[in-house]
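> Sequence plus the predicted model coming up.
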Amino acid sequence: MRHAMRRKDRQISPEEARQLFEGGEYLFMATVGQDGRPYGVPMSYAVMNNTVYVHCASDGRKLDNLAACPWVCLNVVGPTQPVYDDGFSTYYESALIEGQARLVTDEEEKNRALLALAQKYLPEHMGKAEKDIKRSWKRTLAYAISIDCISGKAKRKKTVINDE
């Protein structure tokens, strides 16, 4: 069940939320285990088309949770600035995606996802990417996460327009 955003005055458009995801440094992925316990972990990622791709090792709690429940919540936070603005506050931008994760089993899609990650984080080393991807292929998994719902919010510094 989705709730309406409480602070509508801070809601940003889905397009702005997508831009935050496309330009973000890392995301935080929340999963839920079979026992109902939450688990969250920061991850590197790449966005291609209407899909978020992450990579990981081939075992662990996150994978157990995804096997039990493929629904995830992804969060990205943009630049932040603590301020005293008639009280303690923070200027921020953040975006959230809800979607389902699926293990990427198609080899071409997996290769594209891993290349996109290499391009995002180390574009100056793309000449080495294919070799390194091939070397770690068997121990690296890729997950594709659908973007079923995207939203975002921000508190930004108010700009003052001087009409003089």
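Nice, I can see it.

> Longest strand in the protein, please.
strand 88-103 (DSSP state E).

> mean confidence for it?
What strand 88-103 shows for mean pLDDT is 93.

> Tell me where the model's unsure across this protein.
1-10, 160-164 (pLDDT under 70).

> Would you state the helices of it in chain order?
14-23, 61-68, 107-121, 126-136 (DSSP state H).

> mind checking which of the ones you listed is nearest Ser89?
helix 14-23 (19.6 Å; Cβ to Cβ). Any C-beta I mention is one placed from the backbone N, CA and C, and that applies to glycine too.

> Please work out the angle formed by the directions of the closest one and helix 107-121.
80 degrees (axes from the mean of the first three to the mean of the last three Cα atoms, to 10 degrees).

> before we move on, the earlier item: and the angle for the longest strand of the chain with helix 107-121?
160 degrees.

> what's the distance between strand 88-103 and the middle of its chain?
The chain centre lies 7 Å from the centre of strand 88-103; the measure is Cα atoms, centre = their mean, to the nearest Å.

> What of stretch 121-135?
22 Å.

> cool, and stretch 71-89?
15 Å.

> Residues contacting that stretch, please?
20-21, 23-24, 26-32, 45, 52, 66, 90-101, 145, 154-155, 157 (Cβ atoms under 8 Å, 6 or more residues apart in numbering).

> mind listing what the longest strand of the chain pairs with, with the direction of each?
Strand 88-103 pairs in its sheet with strand 71-77 (antiparallel), strand 81-84 (antiparallel), strand 141-146 (antiparallel), strand 149-155 (antiparallel), by DSSP bridges.

> List the contacts of Ile150.
Counted by Cβ under 8 Å, 6+ apart, Ile150 has contacts 14, 17-18, 21, 95-98.

> Just the C-alphas of the longest strand of the chain, formatted as CSV.
C-alpha atoms of strand 88-103 as CSV (Å, rounded to 0.1, in the frame of the first residue of the first chain):
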residue,chain,number,x,y,z
PHE,A,88,18.1,23.5,12.4
SER,A,89,17.5,22.0,9.0
THR,A,90,19.1,20.4,6.0
TYR,A,91,18.9,21.2,2.3
TYR,A,92,18.7,17.9,0.4
GLU,A,93,17.5,16.0,-2.6
SER,A,94,16.4,12.3,-2.4
ALA,A,95,14.7,9.8,-4.6
LEU,A,96,13.1,6.4,-4.0
ILE,A,97,12.3,3.5,-6.4
GLU,A,98,10.1,0.5,-5.6
GLY,A,99,10.5,-2.4,-7.9
GLN,A,100,11.2,-6.1,-8.3
ALA,A,101,14.7,-7.6,-8.6
ARG,A,102,15.4,-10.4,-10.9
LEU,A,103,18.6,-12.3,-11.4
